[in-house]
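Novice: sequence unknown, structure follows:
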């Protein structure tokens, strides 16, 4: 469920006028911008953008980018994108520096339902005249060193998983054994593991993960070798297993990692809050709270400042 | 375009009554069955089945199976299935004897548009509580001998190709070189070839195939090694390249092969005619005619007999 509160009416012309007023004069009235846009849903934001362009013959998106700055500007830019297109844009950007940005691709592939993933891939076709699959796969050329990582990512973005709850316990048992063998092998003979993680339904995978834990008294992610991981494959595997097993818990962990003592990772913070505020942020917030002494709002408020903080707080509904 | 002629009205109650009449008495009136069902489109056939069940408390499908026999029965069974579900049923059957039946999987993966393929995969979820991807991929377990074949099939069924016409000629040139290297290698180092065939759009692939032909004065399918192919991989690769390059020409060839002097392959004949009669059979018929001295109808009439022949002829519109 969403955390931000949304206006019930859609006063797009009034909103457009109020936004122009916030832009004019000495300095921008960022609080007015937040008071409007953080409380409009995706369809309303689209209407406001159309209305603004009609009324003032300029793009609201461009105006926002010139009026705002820093983390706040980047967060607002992503917030204003259509939620499905936003994911296509983020996935495309991630394909361009795949070894650093693969978690974005994994989140899009694994946290969405099958139907949602297809919608993102459809938007990707329209925006980039190519498929997400081919753009991920094409990175292999001349880059065999990271073949295993790319094979995993390609499997994740390609598959159209069965979304139902039916589970085959016999299969879960036998595949837990295959997973154990692959995990013990480190980074060799990963085909079977990639096949399982890349094609089975989330319900089936959860059954397999539980069998694994019952048998070996440890989770798959803990059993995976730690330490040297020059290609990022092991990290990607850990990320996908976590994201497939429990997306809320996974995103809560991303948020916790983004707010470590060593410094704030604003990109990850923005990504999770903007992408999930109007979708499933309540679940993520609860998952965060379960492992933390402070609430998600308190933690974020402590780590951020200024308009960026106000905006994230508004998206979190506080 | 379709070849069978379709009734403009949908007299489902009358049709149901006429079908019951055709079933009753001494022997079945097969010609009456054909005269009705070959001239109803998918939506009409569905309505007739519903009406028949309502009126006579029995399944029309089961009654047809008990009244008809042989190739005619099998053709009618497939004809009566919903076109999308029919492909899911055929794909599932093919996963069970994948080394013999992989052309069915390739046809479904490569001849459909991306949206059509997703519809088939969605129907597959509903019917089998699993995904086509996982059922293809799962065949690998303990069967590493055919890993290359399965890797190709998995790539083909998984991918959500870009469907547009945009083509990158520089990419076509460089990938034609990669394809040439892989083709020269026989069955080793096939990852790059599978990646290209498995992810690029049909328009892009056609550009690559043309570059290949310009450079090497032969087509990819001819350049692929002939002879020993114990796993079927080379045959599957040839099938996919043909099907992706020109589906009409490919299906015309399947029909020609199904009607060789050495004997008729009724399964392939039925499959192509039933699956394409109300879709794109006109294009396949033209492609057949271009390489043959007789028309498709003449060729099929010569190879078949009885009610099976009458039914196929009706589907072909003659």
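Specialist: It's in. Nothing here was measured: the structure is a model prediction, and the numbers come from that model.

Novice: okay, residue A:53: pLDDT?
Specialist: Residue A:53 carries a pLDDT score of 97 in this model.

Novice: Okay, and it sits in which element?
Specialist: Element membership of residue A:53 [criterion: DSSP states H and E] is helix A:42-56.

Novice: who touches that helix?
Specialist: The contact list for helix A:42-56 (CB atoms under 8 Å, 6 or more residues apart in numbering or on different chains) reads A:6-7, A:10, A:12-13, A:15-17, A:19-20, A:36-37, A:40, A:58-61, A:63, A:79-80, A:82-83, A:278. Just so you know, the C-beta spots here come from the backbone N, C-alpha and C atoms, and that holds for glycine as well.

Novice: and if we set it to 7 Å?
Specialist: A:7, A:10, A:12-13, A:15-16, A:19-20, A:37, A:40, A:59-61, A:80, A:82-83, A:278 (CB atoms under 7 Å, 6 or more residues apart in numbering or on different chains).

Novice: And that helix, what's buried?
Specialist: Across helix A:42-56, burial judged by 16 or more other CB atoms under 10 Å in any protein chain shown covers A:42, A:44, A:45, A:47, A:48, A:49, A:51, A:52, A:53.

Novice: Which of these sits closest to chain B?
Specialist: Set against chain B, the nearest of these by CB to the nearest CB is residue A:42 (23.0 Å).

Novice: Name the residue closest to the centre of chain A, please.
Specialist: Note on chain A: the residue nearest the mean C-alpha position is residue A:107, at 4.8 Å, using CA atoms, centre = their mean.

Novice: so that residue makes contact with residue A:242?
Specialist: No - Residue A:107 lies out of contact with residue A:242 (CB atoms under 7 Å); the separation is 10.2 Å.

Novice: what is in contact with these two at once?
Specialist: Joint contacts of residue A:107 and residue A:242 (CB under 7 Å, 6+ apart) do not exist.

Novice: coming back round to it: leaving out chain neighbours, which residue sits closest to the residue nearest to the centre of chain A?
Specialist: residue A:243 (6.1 Å; CB to CB, 6 or more residues apart in numbering or on different chains).

Novice: Count the residues that sit near the residue of the stretch 201-318 of chain A found nearest chain B.
Specialist: Going by CB to the nearest CB, chain B is nearest to residue A:201 of the stretch 201-318 of chain A, at 7.1 Å. Around residue A:201 there are 24 other residues, counting by other CB atoms under 10 Å in any protein chain shown.

Novice: Count the neighbours of the closest residue to it other than its chain neighbours for me.
Specialist: Sequence neighbours aside, residue A:162 is the residue nearest to residue A:201 in space, at 4.2 Å (criterion: CB to CB, 6+ apart). With neighbours defined by other CB under 10 Å, the count for residue A:162 comes to 27.

Novice: got the contact list for residue A:162?
Specialist: A:201, B:125, B:129, B:130, B:131.

Novice: helix, strand or coil for it?
Specialist: coil (DSSP: H, G, I helix; E, B strand; the rest coil).

Novice: Got the confidence number for it?
Specialist: The model's pLDDT for residue A:162 equals 97.

Novice: how near is it to residue B:236?
Specialist: 24 Å (CB to CB, to the nearest Å).

Novice: swap in residue A:46?
Specialist: In terms of CB to CB, residue A:46 sits 45 Å off from residue B:236.

Novice: Equivalent analysis for residue A:117, please.
Specialist: From residue A:117 to residue B:236 the distance is 27 Å (CB to CB).

Novice: just residue A:272 next, same as before
Specialist: Counting by CB to CB - residue A:272 and residue B:236 are separated by 42 Å.

Novice: Between those two, which is the more surrounded one?
Specialist: residue B:236 (24 against 20).

Novice: Show me what the host helix or strand of the more buried one is packed against.
Specialist: According to DSSP H and E, residue B:236 maps onto helix B:233-245. Packing partners of helix B:233-245 (3 or more CB pairs under 7 Å, 6 or more residues apart in numbering or on different chains; DSSP states H and E): helix B:98-111, helix B:147-158, helix B:202-216, helix B:220-223.

Novice: Out of those, which is closest to residue A:166?
Specialist: helix B:147-158 (20.1 Å; CB to CB).

Novice: list the helices and strands the helix or strand immediately after that closest one in the chain packs on?
Specialist: Downstream of helix B:147-158, the first helix or strand assigned by DSSP H and E is helix B:169-184. The contact analysis (3+ CB pairs under 7 Å, 6+ apart) places helix B:169-184 against helix B:191-199, helix B:202-216, helix B:220-223.

Novice: Pick the most deeply packed of the ones you listed.
Specialist: helix B:191-199 (a mean of 22; mean count of other CB atoms under 10 Å in any protein chain shown).

Novice: Need the contact partners of that helix.
Specialist: In contact with helix B:191-199 (CB under 7 Å, 6+ apart) are residues A:131, A:133-134, A:137, A:140-141, B:151-152, B:155-156, B:159, B:175, B:178-179, B:182, B:208, B:240-241.

Novice: Just the buried residues of the residues you listed.
Specialist: For the contacts of helix B:191-199, buried by 16+ other CB under 10 Å: A:131, A:133-134, A:137, A:140, B:151-152, B:155-156, B:159, B:175, B:179, B:182, B:208, B:240-241.

Novice: Pick the one among those residues closest to residue A:287.
Specialist: residue A:133 (30.4 Å).

Novice: which SS state does that closest one fall under?
Specialist: Criterion first, three-state DSSP; result for residue A:133: helix.

Novice: Now it: closest residue in space that isn't a chain neighbour?
Specialist: residue B:199 (4.6 Å).
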